[in-house]
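Visitor: prediction below, plus the sequence it came from.
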Amino acid sequence: MTKISIEYKFRGSIEIPDNIYAKDIFFRVKQAYANHEKMSINIVFSPNKQKSLKSYTKGGAEDELINLDFYMELGEILGFKTDDALKLKNSIFMTNDNAHSNFNITKRVKLVNKKKKSKTKKSYMFWDIENFSSISSIFSDLIEPFNIEDENIYLAANPDSLYLFKAEWEANLYDYQKTLNSFNFTRCDHGKDVADDVLLEQFKSMKLKNSDVYMMTFDRELKERFIEATDDSCNLFIMGK
C-alpha cells in the first residue's frame with residue numbers, strides 16, 4: 001500500500017496497479033489536487049485517448065479500466081467527484097461487450113473455488129450491474145442457457161449510477177421483457193462500495209449450499225470477498241480475463 005500525503009497531511013493509503021501508467025496517474029492526481037485544479041477524467045486520459053476508447057479495443061481496454069478504478073478510488077479517498085470516470089468506464093464495457101462477436105461470457109466465466117464442479121440443485125446470480133453492464137451478453141450467455149430464474153438474480157446500484165444509467169439499463173432489459181424490478185433489485189444509499197456490500201451481505205444471509213453461484217463483476221476486491229464467503233458445497237463462477 002502507498003500512503004497518500006498532500007501538503008504534509010496524511011489522507012489515506014492505496015494500492016497502485018501494476019501497469020506502466022498507474023504511477024504517473026497517481027502523481028498527476030496528487031499534484032492537481034494539491035494545486036486546487038479542477039479534477040476530471042482529463043487527468044487520466046487525454047481527450048484523444050477518451051475518444052479512441054469509444055471504439056472497440058483489443059483486450060477490452062483492461063489496463064484502462066483498471067486505471068479508471070484506481071482514479072475513482074483516489075476520488076473516494078480525497079473526496080472529489082468521479083462521475084465522468086464512471087460514465088467512461090460503463091461506455092467502455094458497453095462498446096467492448098457488444099461490438100465484437102467473439103465476446104462470450106461463457107468462455108470467460110471460471111469455476112474459482114474448486115477444481116471440479118460438484119452436483120448442485122439451483123443456480124443464483126449476483127450481478128454488479130454498475131461494474132459489468134453487458135445486459136445482452138448476460139442473458140444470451142448465462143441467464144437463458146442455464147435457466148437462472150428471475151427470483152434467483154440479485155442486483156444493486158448506487159444513486160449516482162442509477163441517475164446516469166437507469167434509462168439505458170431499462171431500455172436494454174426491455175428487449176427481454178424485463179425491468180430492474182423483475183429481479184431482486186436494491187437501490188442503495190450514497191457511499192463507497194455500498195452496492196458491493198449489499199450484494200455480498202445478501203449472499204451471506206442466504207447461506208447457500210449445493211448451488212451454482214454466478215458473480216458478475218470485474219471488481220477484484222468483490223471477487224475475493226465472494227470467494228471467502230462461499231460454502232464449499234457451492235460452485236462459484238466468476239469472470240476471468
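Guide: Cool, got the structure.

Visitor: for the record, mean pLDDT for stretch 106-126?
Guide: Across stretch 106-126, pLDDT averages out at 89.

Visitor: got the contact list for that stretch?
Guide: 141-143, 145-149, 152-154, 199, 202-203, 206, 208, 210-216, 223, 226-227, 230, 232-241 (Cβ atoms under 8 Å, 6 or more residues apart in numbering). Placement of C-beta: from N, CA and C, glycine included.

Visitor: rerun that using 7 Å as the cut-off
Guide: For stretch 106-126, the external contacting residues (Cβ atoms under 7 Å, 6 or more residues apart in numbering) are 141-142, 146, 148, 152-154, 199, 203, 208, 210-216, 227, 230, 233, 235-240.

Visitor: just stretch 205-225 next, same as before
Guide: Residues from elsewhere that reach stretch 205-225, judged by Cβ under 7 Å, 6+ apart: 65, 109, 120-128, 131-132, 138, 142, 196, 200, 226, 230-231, 233-239.

Visitor: just the buried ones from those residues?
Guide: For these, a burial check counting by 16 or more other Cβ atoms under 10 Å picks out 65, 109, 120, 123-128, 131-132, 138, 142, 196, 200, 226, 230, 234-239.

Visitor: now, the residues you listed that are in helices?
Guide: Among the buried ones among the contacts of stretch 205-225, the residues falling in helices (DSSP state H) are Leu65, Ile138, Asp196, Leu200, Phe226.

Visitor: now do the same contact list for the third one.
Guide: Applying Cβ under 7 Å, 6+ apart, one finds that Asp196 lies in contact with Asp128, Asp219, Leu222.

Visitor: repeat the analysis, applying 10 Å as the threshold.
Guide: Residues in contact with Asp196 (Cβ atoms under 10 Å, 6 or more residues apart in numbering) are Asp128, Glu130, Asn131, Ala156, Asn158, Cys188, Thr217, Asp219, Glu221, Leu222, Arg225, Phe226.

Visitor: do the same with Asp24
Guide: For Asp24, the contact set (Cβ under 10 Å, 6+ apart) comprises Val44, Asn67.
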